[in-house]
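Chemist: Sequence and predicted structure below; questions after.
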Amino acid sequence: MCGIVGYVGENNSVDILMDGLYSLEYRGYDSAGISIVENDNIITFKSEGKIENLQNIIDKNKKIESNIGIGHTRWATHGAPSDINAHPHSTARLSLVHNGIIENYKDIKNNLINKGYKFISETDTEVAANLIDYLYNGNPLLAIKKAIEIIEGSYAFAIIFKDKLDKVYAIRKCAPLIVALGKNENFIASDIPAILKYTNKYILIDEENIAELQKDKVIIYDKDLKEVNAKVNEANWTLEQAEKSGYEHFMIKEIYEQPKAILDTIEPRIVHGIPDFKRDNILDENFWKYFERVYIVGCGTAMHAAMIGKRLIEDNCRIPVECEIASEFRYKNPIITDKTLAIFISQSGETADTLAALNLVRERGCKSLAIVNVNGSSIARASDYVVYTYAGPEISVASTKAYSVQVAIMYLITFKISLARKLKEEKEIKILIRNMLNAIDSINDLLDMSDEIKNICVDYKEVNSIFFMGRDLDYYQVMEGALKMKEISYIHCEAYAGGELKHGVISLITEGTSVVALAIQEKILNKMISNIKEVVSRGAKVLLFAKKGMNIDKDAYDKIVYLPNIEDMFMPIASIVALQLLAYHTAVIRGCDVDKPRNLAKSVTVE
C-alpha cells in the first residue's frame, strides 16, 4: 500500500527521492517523508497529507547537499495520518521506512519497553526501527537478519545506519520492492514507475533476501547472509507511459488507452486467427484439457473480471467455475483436486490476499495460472503459469484499462479451452475472434461519446446515492461501474441484478431516486425493460444505456445513451467504457481527486 524509495549515488538525493515519491503517490498519500545524509548526519523531513506538503517543508530549508536517502509515502494502517506517524522513523542509530503490517508488533513493543525503549508514534514501523536498533552491534546484515526472525507479518524495509552512511539496506517479505541499477547510482523502489526517469534496469529481490546498496555496486544476500547472483531485468514500460501526456488526469488518459492496451495484450496471442499461448510457455495442449473444475480468484475490480470469466467459461466450455474473493478464499477449505485449475487475477501482481490464496492452492498441489500486468511480480513468480497483460503502467487508483485487458484475456482463455476440447471448431473460433476485434474497435466510438456522457453527469453533482442495475453479462458490468462511481465520486452506489430488485431493494426506490440501468443483452431485453419500469413507476430517475437500433420507449426514461450495436457476447468489452466515463466525469464535476481518491491505494499489499 505504501510507497518506498531509496537512493545512493552522485546526484541530489532529495530531488530523486521526491521524484520517486510523486511517482508512487498512488500507493498512499496520507503522509510522506524522507531521511537524507548530509554532513555525516541523517536529517529527516516529514509531513501529514500529500507530498506537496512535504515539498513545501523541504523548499523552506536551505539548499541541501545529499547523495543518499530513503523516502516514503504512507497509506495509514497503524495510527492515524499525522506528522508523528509519518515515516521515516528514526532511532539514535538508524532511520527506516516500511511498507506492510507487523502482526506481532504489540509483543515486540512491550519487550522493548521493558528494555527501556520509548515510543512516540502509534505505528508498527517504529517498533521495527527500535527492534533493529536493539539488535544492532555494528553489523547491519546481522541485525536485520535477527529482526526478521522475530517479526511476523509483511514488510519491505529500507534502512540507513548512522555509522554506515554510504549504504542503504533493503529487505522484503510479502511486499513489493525492487533494486534499480544506474551508472554510479542505485535505487530502491516499491514499483517500477519510480525509477523509469533514471534507469530501466532492475533486480527483483527474493523474499527475506537483503540488498546492500552503494553508489557503485549492489550486493544481494540470502537469509543465511551468503552473497547471491541476482538476475537483472529490463522494464518494458517507458517514462512517457507513466506520465499524463497532456491529459487532465491519469484516469481519463488510461480510459483512452484501452483500445491499444487490449490489442497489445491479445494480438500477440492470436496466431492464424486462433488463440495461442505458447509465448506464455503454455506449450502442452493437454493443459487446456485436464481440469474438471476452475477457481477464479481476485479482489475488487479483478473480481469483476473473474465473474465475466466464469460466465464465459461455463457457457462455452461447460466446466464448473467458482469465483472467489481472495480475502475469503484464503481462509476457506476449498475443494481442490489434481483436476482443478486456479486462476488468479491481479493488476499489480502483489495483491496480498490474492498471493496468500495462491499459496494455499499451491500447498494442495493445484495448478495455477496468473493474469497480471507487472513482469516478475510476486504472483507471477509464484504461479505455475503466467499470462501477462500489456496494459502498461496504470497510475490512477481506480482501475480502467487493467480491467479491460483482464476481461479480454478471459475471452481468449475461453476460446482456447473450447477449441482444445473440440467444443467449437476452428472456423467458429475465428469468427468469434473477428467479432471480438470489432468490439474492441467500437471502443473508439464510445470514447467519442465522452462529451455526451459528461453533460449527463451534471445531474449527479448533488446526489448521495445511485442504484445500478443490469442482467446477464450486464450485471457484472454494472457491478464494476458502481465500484468506479463510489471509488472516485464518493457517491453511495449499489449494483443489483435487475430481477433481484423486487426481492427487497425496491423498498428503497422513491421519487427522484437515481438509477443507472444497462439494457443491452437482446435475449433478455424485454425482461430487463420490465425490471426498469418497476423502478420508473416508483419515481426513479433512470439513465438508460441501450444499444443503437433497440426499440425503446424513450418517454419512460430520464436520459438514454445509445451504445454501439455489438454482439451480446462481446458487449462487456465496450459497455464498461461508458460506465467508466460516467464515473470519471461525475467525480470531476463534484470536485473529487480523481486519481487519488480518499482512503484508497493502488496496490493493496497488506491484509
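Modeler: Sure thing, it's come through.
Chemist: what about the helices in the stretch 301-450 of the chain?
Modeler: Ranges of helices in the stretch 301-450 of the chain, per DSSP state H, counting those that start in this stretch, are 301-317, 326-329, 352-363, 378-382, 401-420, 426-447, 450-457.
Chemist: Only the C-alpha atoms, please, for the last one, written as PDB.
Modeler: This points to helix 450-457. The C-alpha trace of helix 450-457 is given here as PDB (Å, rounded to 0.1, in the frame of the first residue of the first chain):
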ATOM      1  CA  SER A 450     -17.400  11.300 -23.800                       C
ATOM      2  CA  ASP A 451     -18.900  14.800 -24.000                       C
ATOM      3  CA  GLU A 452     -22.400  13.400 -24.300                       C
ATOM      4  CA  ILE A 453     -21.900  11.400 -21.100                       C
ATOM      5  CA  LYS A 454     -20.200  14.400 -19.400                       C
ATOM      6  CA  ASN A 455     -23.300  16.500 -20.000                       C
ATOM      7  CA  ILE A 456     -25.500  13.900 -18.200                       C
ATOM      8  CA  CYS A 457     -23.200  13.800 -15.200                       C
END
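Chemist: if we can go back for a sec, out of the helices of the stretch 301-450 of the chain, deepest packed?
Modeler: Highest mean neighbour count of the helices of the stretch 301-450 of the chain: helix 401-420, a mean of 24 (counted as mean count of other CB atoms under 10 Å). No exception for glycine: its C-beta is placed from N, CA and C like everyone else's.
Chemist: coming back round to it: could you provide the helices of the stretch 301-450 of the chain in CSV, with additional columns for distance to residue 271 and mean pLDDT?
Modeler: What follows is the helices of the stretch 301-450 of the chain, written out as CSV (distance: least, CB to CB, whole Å; pLDDT from 0 to 100):
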stretch, distance to residue 271, mean pLDDT
helix 301-317, 20, 98
helix 326-329, 32, 95
helix 352-363, 28, 93
helix 378-382, 23, 93
helix 401-420, 11, 98
helix 426-447, 11, 97
helix 450-457, 35, 97
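Chemist: got the ones you listed as JSON lines, with distance to residue 62 columns?
Modeler: As requested, the helices of the stretch 301-450 of the chain are exported to JSON lines (distance: least, CB to CB, whole Å):
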{"stretch": "helix 301-317", "distance to residue 62": "45"}
{"stretch": "helix 326-329", "distance to residue 62": "48"}
{"stretch": "helix 352-363", "distance to residue 62": "41"}
{"stretch": "helix 378-382", "distance to residue 62": "41"}
{"stretch": "helix 401-420", "distance to residue 62": "43"}
{"stretch": "helix 426-447", "distance to residue 62": "49"}
{"stretch": "helix 450-457", "distance to residue 62": "47"}
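Chemist: what's residue 417 in contact with, if anything?
Modeler: 288, 313, 316-317, 319, 423 (CB atoms under 8 Å, 6 or more residues apart in numbering).
Chemist: what's the spacing between it and residue 461?
Modeler: 46 Å (CB to CB, to the nearest Å).
Chemist: do residue 154 as well
Modeler: 40 Å.
Chemist: Have a look at those two and say which one is more surrounded.
Modeler: Of the pair residue 154 and residue 461, residue 154 is the one with more neighbours under other CB atoms under 10 Å, namely 22 against 11.
Chemist: Pretty sure the more buried one sits in a strand.
Modeler: Yes. Residue 154 forms part of a strand when assessed by DSSP: H, G, I helix; E, B strand; the rest coil.
Chemist: quick thing: my sequence starts at 24, can you match it?
Modeler: Yep, numbering from 24; the last one is residue 177 now.
Chemist: what's the pLDDT at it?
Modeler: Residue 177 carries a pLDDT value of 89.
Chemist: need the helices for the stretch 124-273 of the chain, in chain order.
Modeler: 128-137, 147-158, 163-173, 273-279.
Chemist: As CSV, those helices with distance to residue 70 and mean neighbour count would be great.
Modeler: Converted to CSV, these look like this (distance: least, CB to CB, whole Å; neighbours: other CB atoms under 10 Å):
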stretch, distance to residue 70, mean neighbour count
helix 128-137, 24, 14
helix 147-158, 16, 24
helix 163-173, 27, 18
helix 273-279, 23, 24
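Chemist: Redo these as TSV? Include mean pLDDT and distance to residue 532.
Modeler: TSV is the format used below for the helices of the stretch 124-273 of the chain (pLDDT from 0 to 100; distance: least, CB to CB, whole Å):
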stretch	mean pLDDT	distance to residue 532
helix 128-137	97	47
helix 147-158	97	45
helix 163-173	98	54
helix 273-279	96	30
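Chemist: between those, which one is nearest to residue 293?
Modeler: In terms of CB to CB, the element of the helices of the stretch 124-273 of the chain nearest to residue 293 is helix 273-279, at 23.2 Å.
Chemist: Moving C-terminal from the closest one, which element do we reach first?
Modeler: Following helix 273-279 in sequence order, the next helix or strand is helix 281-289 (DSSP states H and E).
Chemist: how far away is the closest residue to residue 107 other than its chain neighbours from residue 47?
Modeler: Nearest non-adjacent residue to residue 107, counting by CB to CB, 6 or more residues apart in numbering: residue 144, 5.0 Å away. Residue 144 sits 21 Å away from residue 47, going by CB to CB.
Chemist: Comparing these two, which residue is more hemmed in?
Modeler: Shown here are residue 144 and residue 47; by other CB under 10 Å, residue 47 has more neighbours (28 against 18).
Chemist: Is the more buried one in contact with residue 218, as I believe?
Modeler: No. Shown here, residue 47 and residue 218 do not form a contact pair, counting by CB atoms under 8 Å, at 10.1 Å.
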